[in-house]
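Just a sequence and a predicted model for now, questions to come.
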Amino acid sequence: MRKRLIGLAGLFAVLAAQPVSAQRPLNLEVGAFGQFTIQDSDLNIANGPTIGGRIALYLLKNLAVEGDIQFGKADWEDGSTTTSLTLRPWAARLVYGIPINEKTRFLIGGGYQQNVYDGRVKQVVPGFTSPNEYEDAITGLLGIKYCMNDKWNFRVDGVGDYNPSPNFTGAAPVDGNSEGGTAINLGLRAGVGTALRGNCVSAPFTWSLGIAPASSRHRVGEMEQLQITARDGKGNAIPMSKIKNYRCSSDNPNVATVDQNGRVSAVSPGTATITCSGMVNGVMQSASHTITVRRPEWRLNVNGGGTHQVGQGGSASAAAVDEDNRPVTGTIVWSSSNTSVATVDSNGNYRCVGAGSATITATMTRADETRTGSVQVTCQAPPPPPPPPARMVASLSDVHFAFNQSTLTKAGRDTLNWVIGQLNSAAGSSWVISIEGHTDPYGSDAYNDRLSARRAQQVYTYLTRARGGVPASRISSQKGFGEACLLLDDDHTAPQKSKADHGRNRRVELWNLNGTAVPSGCRPMSDYQNR
């Protein structure tokens with residue numbers, strides 16, 4: 001009987017092992033447990049605990065070949081004799097786990113068990129013993145396995161072994177738990193296990209589809225080859241040929257299109273999402289890529305500006321071109337940052353209306369894009385008008401002075417009285433006078449300088465001291481130029497013209513400065529036109 005059981009268990013294991021080559025790699029699990037066994041009463045072996053270990057090799061996802069062995073002690077009563085036995089049963093089973101949920105399996109299994117009762121020896125006649133330490137049995141198992149995490153599990157099993165023909169049991173024949181001379185042992189075990197290879201919880205198959213880059217930006221007409229990859233949950237590459245129902249599509253073909261090789265073409269400005277999807281082992285995955293199709297970049301060039309006087313102006317011009325230097329059309333709006341300085345019309349013509357600086361800006365909007373450009377305009381106030389030229393009020397000649405003297409004659413005093421009247425009139429009330437004395441070239445330079453200075457001083461004295469005279473503050477200077485400023489030119493060292501001819505050079509001039517400076521030298525001949 002024992003040989004038949006061993007052969008049946010071996011055949012069962014071989015048949016169960018057939019799919020192993022197709023299921024590599026195989027998961028391997030080990031564990032330990034404690035068990036309490038209720039022995040068949042006819043065996044006369046005391047019930048008690050054992051400890052054990054087990055090992056399981058998974059042939060399929062939920063099908064495993066398990067082996068376990070136990071160790072323990074129990075008393076055996078043979079008539080009036082009690083013997084302590086060492087229990088070493090071992091078993092080989094085929095166990096199938098029925099999934100209850102992701103972490104829990106209901107276990108059902110069966111196989112061969114050999115019960116080893118080390119020390120069970122019966123004395124048949126005095127001096128002669130018969131050992132009965134090994135029993136062949138058929139074993140069954142019902143249990144619950146709970147995965148605490150990816151590697152560790154907790155198990156509770158109910159086990160039983162059926163011994164068809166025990167050799168002997170004790171003093172009485174076997175007739176306890178079943179008819180016909182059999183023995184049935186029942187046990188309850190609990191323990192933990194860990195996966196040495198693989199996981200306790202079988203992770204569902206997963207894979208991913210990737211597109212690189214995730215986004216892109218292109219001009220109309222450009223193309224790009226997307227890099228599409230597929231990988232399983234462990235990061236291993238999956239050939240694209242293994243992906244079922246693979247396809248790529250665009251959610252906005254008016255903006256961008258894509259072929260089944262992942263080549264994207266930009267069609268018109270806007271945004272589109274490219275999606276590629278497919279199925280591996282019944283799991284559908286997809287990945288997406290965002291493409292933005294942009295209009296060609298463009299800029300607004302503005303020329304003009306500069307510096308102008310108030311009341312004047314100029315013209316600014318603006319032109320828009322794209323990045324390929326092609327013209328871009330649109331409406332241009334002109335504006336000034338400071339209309340109190342410069343104004344501008346719709347054509348870019350600006351005009352200075354006040355002193356300062358202003359920015360003339362051109363703005364152009366095309367679709368939803370706006371560009372600006374500007375030039376600077378500086379407006380200057382016009383220069384003040386030139387001051388009126390100095391004007392000659394009177395010129396006193398020789399007849400107004402004693403010969404070669406600075407003493408005024410009656411004619412000279414009369415002339416100066418007239419000048420005083422002019423200075424005191426409404427028209428001359430703002431005049432400031434310069435008194436400038438001159439001589440002819442006859443005589444030495446030093447003599448002529450002294451003479452011209454004395455005559456200028458004499459005129460100054462009369463104007464400020466005469467009755468009704470003018471304040472000294474109204475006379476800016478009195479100065480003698482000697483022979484330096486000849487109205488009739490001649491040789492200064494050896495004059496060629498007569499003294500009569502040089503009468504016009506012998507003079508004292510009274511000038512209304514009109515805000516001009518006192519001359520440091522001879523007046524230009526143009527001043528003599530202003531009388």
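In hand now; what should we look at?

helices or strands next to the host helix or strand of Glu77 in the packing?
Using DSSP states H and E, Glu77 sits within strand 63-78. Applying 3 or more Cβ pairs under 8 Å, 6 or more residues apart in numbering; DSSP states H and E, we find strand 63-78 packed against helix 2-16, strand 28-38, strand 48-58, strand 81-87, strand 90-99, strand 104-118. Backbone N, C-alpha and C define where each C-beta goes, glycine included.

need the helices for the stretch 401-531 of the chain, in chain order.
410-424, 445-465 (DSSP state H, counting those that start in this stretch).

related to what we said a few turns ago, for the helices and strands packed on strand 63-78, give me JSON lines that also has distance to Gly354, mean neighbour count and mean pLDDT.
Listed next are those as JSON lines, based on distance: least, Cβ to Cβ, whole Å; neighbours: other Cβ atoms under 10 Å; pLDDT from 0 to 100:
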{"stretch": "helix 2-16", "distance to Gly354": "105", "mean neighbour count": "13", "mean pLDDT": "42"}
{"stretch": "strand 28-38", "distance to Gly354": "95", "mean neighbour count": "17", "mean pLDDT": "96"}
{"stretch": "strand 48-58", "distance to Gly354": "95", "mean neighbour count": "18", "mean pLDDT": "95"}
{"stretch": "strand 81-87", "distance to Gly354": "117", "mean neighbour count": "15", "mean pLDDT": "91"}
{"stretch": "strand 90-99", "distance to Gly354": "90", "mean neighbour count": "18", "mean pLDDT": "96"}
{"stretch": "strand 104-118", "distance to Gly354": "90", "mean neighbour count": "20", "mean pLDDT": "95"}
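
With distance to Tyr162 added, can I get those in JSON lines?
As requested, the helices and strands packed on strand 63-78 are exported to JSON lines (distance: least, Cβ to Cβ, whole Å):
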{"stretch": "helix 2-16", "distance to Tyr162": "10"}
{"stretch": "strand 28-38", "distance to Tyr162": "14"}
{"stretch": "strand 48-58", "distance to Tyr162": "18"}
{"stretch": "strand 81-87", "distance to Tyr162": "17"}
{"stretch": "strand 90-99", "distance to Tyr162": "12"}
{"stretch": "strand 104-118", "distance to Tyr162": "9"}
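
Please identify the deepest-packed of the helices of the stretch 401-531 of the chain.
By mean neighbour count, with neighbours taken as mean count of other Cβ atoms under 10 Å, helix 445-465 ranks first of the helices of the stretch 401-531 of the chain at a mean of 19.

what inclination does that helix have with respect to helix 410-424?
Relative orientation of helix 445-465 and helix 410-424, computed by axes from the mean of the first three to the mean of the last three Cα atoms, to 10 degrees: 50 degrees.

name the helices or strands packed onto helix 445-465?
Other elements packing on helix 445-465 under the criterion 3+ Cβ pairs under 8 Å, 6+ apart are helix 410-424, strand 433-438, strand 475-480, strand 507-512.

Report the angle between the second one and strand 475-480.
Translated: strand 433-438. Here strand 433-438 runs at an angle of 0 degrees relative to strand 475-480 (the same axes, to 10 degrees).

packing partners for the helix or strand hosting Thr343?
With elements taken from DSSP H and E, the one containing Thr343 is strand 342-344. When contacts are defined as 3+ Cβ pairs under 8 Å, 6+ apart, strand 342-344 packs onto strand 332-336, strand 349-352, strand 356-366.

which residues sit against that strand?
Outside strand 342-344, the residues that touch it by Cβ atoms under 8 Å, 6 or more residues apart in numbering are 313, 316, 334-336, 350-354, 358, 360, 377, 379.
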